[in-house]
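Undergrad: sequence and predicted structure below; questions after.
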Amino acid sequence: MNAKDPHLTHVTLPDGHRMRARWFLPEWPNGLNAAVIVIHDIFGFSDDQARIARRLADNGYPVLAPDLYDRAGARSLCVVRTLRDHELGHGPAFEQLDACRLWVLEQDQQPVTKVAMMGFCMGGRFALLYAARGGLQVVAPFYGGVPRKASALTGICPVVGGWGKKDRVYGGHGDRLARHLSELGVPHDVKTYPDAGHSFMNDHQTFVFKRLSPYSPLRAYHDPDAAEDSWRRVLLFFRQTLQ
């Protein structure tokens, strides 16, 4: 742990690199013995990722929020490699997620026998594809890319998530995911919000996000109403699935 950031910890990767992460313990555990891994959006390891992790911890979950851009080598190259893995659907980034899952199961500060994952934008696609590999009990992807074929998600756990219809790039992916999950017979609660765009659950306090993002094809901006409805659905679906 770190005096400047008491939540800071590190997860050792297969190559020996110590990836930084934040670890949040609930003041009042909810008794589900389930940890949540929160995967950041394209902006990386941020205060907003920590904000989301704290809210989950406030609801009784121990939460690990890793920095997927923290790999051995130059930072810029690590970002490029992570984005490559994101597009390919395989690669070292998925080994990082494996290491995170094992870390929360093996740590001794809070009993954990079940693992959930929540991801946003880039992290939404990572969470969705990782969940199809098995090992998770529930996954919550938000406004990430969804594979074209349902077969790519064979074996996935129950899913709760959300997309914004005003997002001109990924706005239709929520409906696509719902169709896939219905075809596969997987329990799910996937909602597309007609008045929201991309990133509606994120609330980055930066000039780029708050001033410029709404003008991009993604129509990315924080939408408090869609965000709060999503939190309600996520927390209910998590509890029903994990208890």
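TA: Structure received.
Undergrad: help me confirm that Leu136 is found in a helix?
TA: No - going by DSSP: H, G, I helix; E, B strand; the rest coil, the assignment for Leu136 is coil, not a helix.
Undergrad: next, the residue nearest to it when sequence neighbours are not counted: secondary structure please.
TA: Nearest non-adjacent residue to Leu136, counting by C-beta to C-beta, 6 or more residues apart in numbering: Cys157, 5.0 Å away. (C-beta placed from N, C-alpha, C; glycine too.) Assigned by three-state DSSP, the conformation of Cys157 is coil.
Undergrad: swap in the one 3 residues further on?
TA: Using three-state DSSP, the structure places Val160 in strand.
Undergrad: burial of it, as a residue count?
TA: Around Val160 there are 25 other residues, counting by other C-beta atoms under 10 Å.
Undergrad: next one: phi and psi at the nearest residue in space to it that is not next to it in sequence?
TA: Setting aside the residues directly before and after it, Val160 is nearest to Phe237 in space (C-beta to C-beta, 6+ apart), at 3.9 Å. Backbone dihedrals for Phe237, given as degrees, to the nearest 10, come out at phi -70, psi -40.
Undergrad: ok, Phe237 touching Pro158?
TA: Yes - between Phe237 and Pro158 there is a contact under C-beta atoms under 8 Å: 7.3 Å.
Undergrad: okay, how far is it across stretch 165-179, tip to tip?
TA: This stretch, stretch 165-179, spans 16 Å end to end (C-alpha to C-alpha, to the nearest Å).
Undergrad: can you tell me what sits against that stretch?
TA: Residues from elsewhere that reach stretch 165-179, judged by C-beta atoms under 8 Å, 6 or more residues apart in numbering: 128, 141, 143-146, 148, 150, 159, 161-164, 188, 190-198, 217-220.
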